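S.K.: got a predicted structure plus its sequence, pasted below:
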Amino acid sequence: MTLRTPEMDEMALRAVRVLRDRLEKRTAVIGVIGLGYVGLPLALACCKPGFTVIGFDIDSAKVEVLNRGESPIKHIPSEPVASARAAGQFEASADFHRLNEPDALMICVPTPLGAHREPDLGFVEATTRSIAARLRPGQLVILESTTYPGTTREVLKPILEASGLQCGIDFFLAYSPEREDPGNSEYDTARIPKIVAGDGEAASVLAQTLYNHVVARTVPVSNLDTAEAVKITENIFRAVNIALVNELKMVYAAMGIDIFEVIDAAKTKPFGFMPFYPGPGLGGHCIPIDPFYLTWKAREFHISTRFIELAGEVNAAMPRYVVERLRCELDCRFGKGLNGTRILIVGVAYKKNVDDLRESPALEIIKLLDAMGAKIDYHDPFFPVIPPTREYPDLAGKASVPLEPYLIARYDAALIVTDHSGVDYDQLLEYAKLVVDTRHVIPPTHPQAAIIARA
């Protein structure tokens, strides 16, 4: 594959060859910006084939922890961090003046929604401006954050070119969306195929050369917008199908049918069916947020994304459905309402076995129950204390309670919202008056099935 294009002069072509050679020999320095649930696994994956990695983060406390060889994220063990530090392959830094040191920079920062569910690219833009201030000829810049089609080309490229350097000549720009699944031990970063696209052939080849050393397989696509569309399509697919099974759960529950038994039987069909499972609502940074990036962008083309928006409405309504199911069970079994009732929430993380609270439906459930006069405690081994959040500031500082038998017995009901593996569910069932299970973590055949309700 030739790297020469009509616009490239000999000096630019030489820069491409030098960088490609450094990437091939793994002597290039890699910079990862944002050392969270995506950036830290990516940085460690880059260390494995022998690259030297500088991880950048604005959180100086996190930087200190990493430089001690410890992981600040519970589901990511400290051992690979310590090994990379001991080998001199990894360093964390809060000094963004050093962004000129790496040969390739990977941007792994959040892309949240604004107050009116519009894309908030503030973190991406601020990071890109920091890069632009230190950008040097020959660097490769890759965006990994999930976003709407057109972001890399329309937002990042102009900011970087404001430095006076020209994209495709002086520096190279690519997009390769993260596909991280926190807590999934079967598919870590290195085992997941990587979508790759560059702004021009040279950028595409350079990005593929880098990722070919880091992941099992790269999947090149024709342009930046397509790569961005691939990632957002993956998350919309999940959001829509989860909304479907959430709606089916409500319908089948009214009919006395167990949705989980239905799904488990349906998935025995070897074709034409893919299992998705219902829950108390969507959480995490991707599925509740990313579909609305496309919804927003579609308006630019005068297109209404009704299907996506309907799925969002169904999923957003699930916490209220769970609260109503809890209220009905308390009323039917004990003749109690929610006002003054003591409720134990089991699990507040958005998914099992991770210390991630972003968009967790548990927080909305707590808010709804509190508004109805219930007295709420929670237990979560991953969150001893609820940290400050933008949407639920009143919950900051609330502490997890232990699952002790004498404490469990004090509650009118326990509501399982997150199915962490480390929770003693047998003990919970032995001492609880009522357990409402939103995750199907307790089988219907359990000896204590009489005190279990599904929601």
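M.R.: In hand now; what should we look at? Predicted model, so just to flag it, every value in this text is computed and none were measured.
S.K.: tally of neighbours for Glu313?
M.R.: If you count neighbours by other CB atoms under 10 Å, Glu313 ends up with 10. Every C-beta, even on glycine, is put in place using the N, C-alpha and C of the backbone.
S.K.: now do Leu407
M.R.: 14.
S.K.: now the strands for the stretch 101-250 of the chain?
M.R.: 104-107, 140-143, 172-175, 194-198, 218-220 (DSSP state E, counting those that start in this stretch).
S.K.: let me know which of these is the nearest to Ala254.
M.R.: The closest approach between Ala254 and any of those, judged by CB to CB, belongs to strand 194-198 at 41.0 Å.
S.K.: and the contacts of that closest one?
M.R.: Here strand 194-198 makes contact (CB atoms under 8 Å, 6 or more residues apart in numbering) with 172-177, 179, 204-208, 211, 214-215, 217-224, 226-227, 230-231.
S.K.: among those, which ones are buried?
M.R.: Among those, those buried by neighbour count (16 or more other CB atoms under 10 Å) are 172-177, 179, 204-208, 211, 214-215, 218, 220-221, 223-224, 227, 230-231.
S.K.: thinking again about what came up before, and the strands of the stretch 101-250 of the chain as JSON lines, adding mean pLDDT?
M.R.: Below are these laid out as JSON lines (pLDDT from 0 to 100):
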{"stretch": "strand 104-107", "mean pLDDT": "98"}
{"stretch": "strand 140-143", "mean pLDDT": "98"}
{"stretch": "strand 172-175", "mean pLDDT": "98"}
{"stretch": "strand 194-198", "mean pLDDT": "98"}
{"stretch": "strand 218-220", "mean pLDDT": "98"}
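S.K.: for Ala349, which of the ones you listed is the nearest?
M.R.: For Ala349, the closest of those is strand 104-107, at 25.6 Å, according to CB to CB.
S.K.: in its sheet, what does that closest one sit against?
M.R.: Strand 104-107 has the following sheet partners, assigned by DSSP bridges: strand 29-33 (parallel), strand 140-143 (parallel).
S.K.: for the shortest one, what is the distance to the chain centroid?
M.R.: To tie it back to what came earlier, the one meant is strand 140-143. In this view, strand 140-143 has its centroid 20 Å away from the chain centroid, taken as CA atoms, centre = their mean, to the nearest Å.
S.K.: how near is Leu19 to Tyr392?
M.R.: Using CB to CB, to the nearest Å, Leu19 is found at 45 Å from Tyr392.
S.K.: quickly list what the residue nearest to Pro402 when sequence neighbours are not counted is bridged to.
M.R.: Among residues not flanking Pro402 along the chain, His379 sits closest, at 7.1 Å (CB to CB, 6 or more residues apart in numbering). His379 has the following beta-bridge partners by DSSP bridges: Val346.
S.K.: neighbour-wise, which of Leu19 and Tyr392 wins?
M.R.: For Leu19 versus Tyr392, neighbours defined as other CB under 10 Å are more numerous around Leu19 (22 against 17).
S.K.: which strand or helix spans the more buried one?
M.R.: In this structure, Leu19 sits in helix 10-25 according to DSSP states H and E.
S.K.: hmm, back to that, which residues touch the residue nearest to Pro402?
M.R.: His379 touches 344-347, 400-403, 423, counting by CB under 8 Å, 6+ apart.
S.K.: could you find the closest non-adjacent residue to Pro275?
M.R.: Lys267 (4.2 Å).
S.K.: can you list phi and psi of that neighbour for me?
M.R.: Backbone torsions of Lys267, given as degrees, to the nearest 10, read phi -70, psi -10.
S.K.: please tell me how far it sits from Glu234.
M.R.: 20 Å.
S.K.: more neighbours: those two, which one.
M.R.: The neighbour count for Lys267 versus Glu234, taken as other CB under 10 Å, is higher for Glu234 (17 against 12).
S.K.: circling back to that earlier point, tell me which of the strands of the stretch 101-250 of the chain lies nearest to Ile58.
M.R.: Using CB to CB, the nearest of the strands of the stretch 101-250 of the chain to Ile58 is strand 104-107, at 13.0 Å.
S.K.: list the contacts for the closest residue to Glu24 other than its chain neighbours?
M.R.: Residue nearest to Glu24 in three dimensions, not counting chain neighbours: Thr209, with 6.2 Å by CB to CB, 6+ apart. Contacts for Thr209 were tallied using CB under 8 Å, 6+ apart; they are 20, 23-24.
S.K.: of the residues you listed, closest to Tyr37?
M.R.: For the contacts of Thr209, the minimum distance to Tyr37 (CB to CB) is 25.5 Å, reached by Leu23.
S.K.: and that closest one, how far is that from Glu186?
M.R.: For Leu23 relative to Glu186 (CB to CB), the value is 28 Å.
S.K.: ok, those two, which is more surrounded?
M.R.: Leu23 (24 against 6).
S.K.: who's in contact with the more buried one?
M.R.: Leu23 is in contact with 103-104, 206, 209-210, 213, counting by CB under 8 Å, 6+ apart.
S.K.: could you check how far it is from Leu42?
M.R.: For Leu23 relative to Leu42 (CB to CB), the value is 15 Å.
S.K.: between strand 194-198 and the lengthiest helix in the chain, find me the angle.
M.R.: Ordering each helix of the chain by length in residues (DSSP state H) puts helix 224-255 first. Interaxial angle of helix 224-255 relative to strand 194-198 (axes from the mean of the first three to the mean of the last three CA atoms, to 10 degrees): 150 degrees.
S.K.: report all helices and strands that helix 224-255 contacts.
M.R.: Other elements packing on helix 224-255 under the criterion 3 or more CB pairs under 8 Å, 6 or more residues apart in numbering; DSSP states H and E are strand 172-175, strand 194-198, helix 259-266, helix 290-299, helix 306-316, helix 318-334.
S.K.: ranges for the helices of the stretch 1-150 of the chain?
M.R.: Here the stretch 1-150 of the chain has its helices, by DSSP state H, counting those that start in this stretch, at 10-25, 39-47, 60-67, 79-86, 122-134.
S.K.: so which of those helices comes closest to Met255?
M.R.: helix 39-47 (42.6 Å).
S.K.: who does the closest one touch, helix- and strand-wise?
M.R.: So helix 39-47, by 3+ CB pairs under 8 Å, 6+ apart, packs with strand 29-33, strand 52-56, helix 79-86, strand 90-93, helix 201-214.
S.K.: show the contacting residues for the residue nearest to Pro275.
M.R.: Lys267 touches 273-275, counting by CB under 8 Å, 6+ apart.
S.K.: per-domain residue ranges of the chain.
M.R.: Here the domain parsing of the chain from automatic domain parsing is 10-222, 247-454.
S.K.: and the contacts of stretch 392-402?
M.R.: The list of residues contacting stretch 392-402 from outside it, by CB under 8 Å, 6+ apart, reads 344, 363-364, 366-367, 377-381, 383-389, 407.
S.K.: thanks again, I'm all set now.
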